[in-house]
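A.B. asks: whatever this is, show me its structure:
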Amino acid sequence: MINKIFDSLQAAVADVHDGATVMIGGFGTAGMPAELIDALIAQGARDLTIVNNNAGNGDTGLAALLKAKRVRKIICSFPRQTDSYVFDALYRSGEIELELVPQGNLAERIRAAGAGIGGFFTPTGYGTKLAEGKETRLIDGRHYVLESPLYADFALIKAYKGDRWGNLVYRKTARNFGPIMASAAKVAIAQVSEVVELGALDPENIVTPGIFVQRVVEVPQAAHQSLQAGQAA
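C.D. replies: Prediction:
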């Protein structure tokens, strides 16, 4: 019987190794798997390469992982925001490496990895420092840059509901990078607000098929809200 449900967050991230490349879903805090990130911090893996849309907010979630100095390199689109002071301090002191990728290129590089595409040409970044060292090509009178697919050892994502096969549905904008990150990683770990019985999810509404998900752990919404309240106190 296929059953991808894990009993705890700790068990779900137990084998994340030092030096791993880890994709973390979320657009800012929307769809960020905060509890999985906290479990990864407690687990202790170091020298990680993180792929995310931004570089953390405040002191929680991804920013807490950076603050614990577990990250060697971050690949993202928006490293600096008003509350990205943890990353800013680490970068200025030379304690973290940054690979800046335009948001559309970031999404397409992740999607290309999941789709088995060897690379793609894009006009975004041509003629800038972001294109240095990369192949360029003139196509139909327009200049393009060759971008490579972006793979990961693990992906930590957040979904709304999931079943024991790993099928996932999302809630509104919390969907963001989750589906493509799941397909681009060797091991996709999803935290869901509710685990439902097999067959309870409408096949027409399933966004991420279970074939792309290896582990599912339930984090009830009430528990998430309680954690947020505790952090605010």
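
A.B. asks: show me where this protein has its strands.
C.D. replies: Counting by DSSP state E, one finds strands in the chain at the ranges 5-6, 21-24, 48-51, 71-76, 97-100, 120-122, 136-139, 142-147, 152-162, 168-169, 185-195, 215-218.

A.B. asks: by mean pLDDT, point me to the weakest helix or strand of this structure.
C.D. replies: Within the chain, confidence by mean pLDDT, DSSP states H and E is lowest for helix 221-232 among all helices and strands, at a mean of 49.

A.B. asks: pLDDT score for the residue of the chain most remote from its centre?
C.D. replies: Largest separation from the mean C-alpha position in the chain: Gly141, at 35.6 Å (CA atoms, centre = their mean). At Gly141, the pLDDT value in this model is 97.

A.B. asks: one step back: what would the strands of the chain look like in JSON lines with distance to Gly31 and mean neighbour count?
C.D. replies: Quick note: C-beta positions are derived from backbone N, CA and C, even for glycine. Converted to JSON lines, those look like this (distance: least, CB to CB, whole Å; neighbours: other CB atoms under 10 Å):
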{"stretch": "strand 5-6", "distance to Gly31": "20", "mean neighbour count": "18"}
{"stretch": "strand 21-24", "distance to Gly31": "10", "mean neighbour count": "26"}
{"stretch": "strand 48-51", "distance to Gly31": "14", "mean neighbour count": "23"}
{"stretch": "strand 71-76", "distance to Gly31": "15", "mean neighbour count": "20"}
{"stretch": "strand 97-100", "distance to Gly31": "22", "mean neighbour count": "14"}
{"stretch": "strand 120-122", "distance to Gly31": "25", "mean neighbour count": "16"}
{"stretch": "strand 136-139", "distance to Gly31": "34", "mean neighbour count": "11"}
{"stretch": "strand 142-147", "distance to Gly31": "24", "mean neighbour count": "17"}
{"stretch": "strand 152-162", "distance to Gly31": "5", "mean neighbour count": "26"}
{"stretch": "strand 168-169", "distance to Gly31": "12", "mean neighbour count": "24"}
{"stretch": "strand 185-195", "distance to Gly31": "10", "mean neighbour count": "22"}
{"stretch": "strand 215-218", "distance to Gly31": "16", "mean neighbour count": "22"}
